[in-house]
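Enquirer: Quick check, what structure comes out for this input:
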Amino acid sequence: MSTAADMPSSWLARKRHEWRVSMGRQATSHDEIELVQRRIYILPTTRGIYLIITAILLLLVGVNYQLSLAYVVAFLLGGFMQAALLTSYRNLRGLIVRPGQSPQCQAGEALEFVVSLRSPERARADIRLSVRNGAAMVVSPPDTVVADTQSSRSLHITTMKRGVHQIGRITIETRAPYGVIRAWSYAHFDWIGLVEPAPEHPTPLLPISIGDGDDAHAHSVHVAHDPDSLREYVAGDSLRRVAWKQVAKSGAWYTRSSETGARREIDLTWEATGSGDTDARLARMAAWVLRAQNENVAYSFTLPNGVLALADGAQQQRDALRLLAVYPMRLDALVGLR
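Expert: Below you'll find the model as predicted:
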């Protein structure tokens, strides 16, 4: 939420700030936005412009030739446009827009920004969302928001580069019920998505920390044999050696190559990736994270922009991939991470 210290001091500056937020030119840190009167804009569509021109022509014909029927039709069209204007405006007024969680994906995939819409009073028809993705527009299909319920819309933003992606200004619009008036509003949140590096392929072996004496983490090397590694299940393998956790996660069957079942613990560090450009080193660490998760290995994770303590599981994987996505920035310095 915005604090009093963040707001401009003078009355004119505050009004300018409010106008920029309502126009979507400036992001807001609020968790939700209600579409009120000052945020809604209305203009006739192409069909509506034709109706207005027709009404004006009929009015001129009625004035010049004293045709009562021309007056009647002209005023009927004028009343129809006025009713359409009010209905389209009410279709947006009071709608509450809320951003979802910050999405994550690999480079080359699509970030899925999920927007929640809530209508506390009545049903809203033909609500659609759109956002600009480079030169193209991403538009969600029109749908109805049921009264007193919350519905979600997804906006898929195609990404090609690793890093932080700001969704920008979202347009909420409707042309219901007659298609002659377009009512729209803007929602611009502090809201970012994270694009992870594509993992190195083929997947490299995990580094094993070895050492002697008190220095148990002296250096890291790659080894070709893993005493607790997994292999594909072969008919006849004992069910006691099946890696049930991996079967539940992936649906594929794996067998442990040893009977120990002990959890391995390793260090994944920036230095262990060796030499190479930044993107190649990030891709290697991403591949290590995915392999460690698949093989049920606990790991600590060290990058120049952050450190994760020894852990395993989905949350450790998510945090590690987030650090890789935002490199070289720190997670605590990001604005808009939800």
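
Enquirer: Give me the neighbour count for residue 124.
Expert: 23 (other C-beta atoms under 10 Å). Heads up, the C-betas are built off the backbone N, CA and C, glycines and all.

Enquirer: Longest helix in the chain, by number of residues?
Expert: Counting by DSSP state H, the longest helix found in the chain is helix 68-92.

Enquirer: what comes up buried for that helix?
Expert: 70, 73-74, 77-78, 81, 84-85, 87-89, 91-92 (16 or more other C-beta atoms under 10 Å).

Enquirer: Where does pLDDT dip in this structure?
Expert: The chain contains residues with pLDDT under 70 at 1-9, 208-229, 234-241, 256-263.

Enquirer: what's the burial count for residue 14?
Expert: Neighbours of residue 14 (other C-beta under 10 Å): 12.

Enquirer: can you list contacts of the helix or strand just after the longest helix of the chain?
Expert: Downstream of helix 68-92, the next assigned helix or strand under DSSP states H and E is strand 96-99. For strand 96-99, contacts defined as C-beta atoms under 8 Å, 6 or more residues apart in numbering pick out 31-35, 113, 115-120, 170, 172, 187, 189, 191, 338.

Enquirer: again with stretch 318-328
Expert: Here stretch 318-328 makes contact (C-beta under 8 Å, 6+ apart) with 104, 162-164, 194-197, 268, 278, 282, 285-286, 289, 301, 303-306, 308, 331, 334.

Enquirer: Check the offset of that stretch from the chain's centre.
Expert: The chain centroid and the centroid of stretch 318-328 are separated by 16 Å, computed with C-alpha atoms, centre = their mean, to the nearest Å.

Enquirer: Pull out the buried positions in it.
Expert: 320-327.

Enquirer: Just the ones of those residues in helices?
Expert: When DSSP H defines the helices, the subset of those inside them is 320-326.

Enquirer: and the gap between residue 174 and residue 129?
Expert: Note on residue 174: its distance to residue 129, by C-beta to C-beta, to the nearest Å, is 11 Å.

Enquirer: neighbour-wise, which of the two wins?
Expert: residue 174 (25 against 22).
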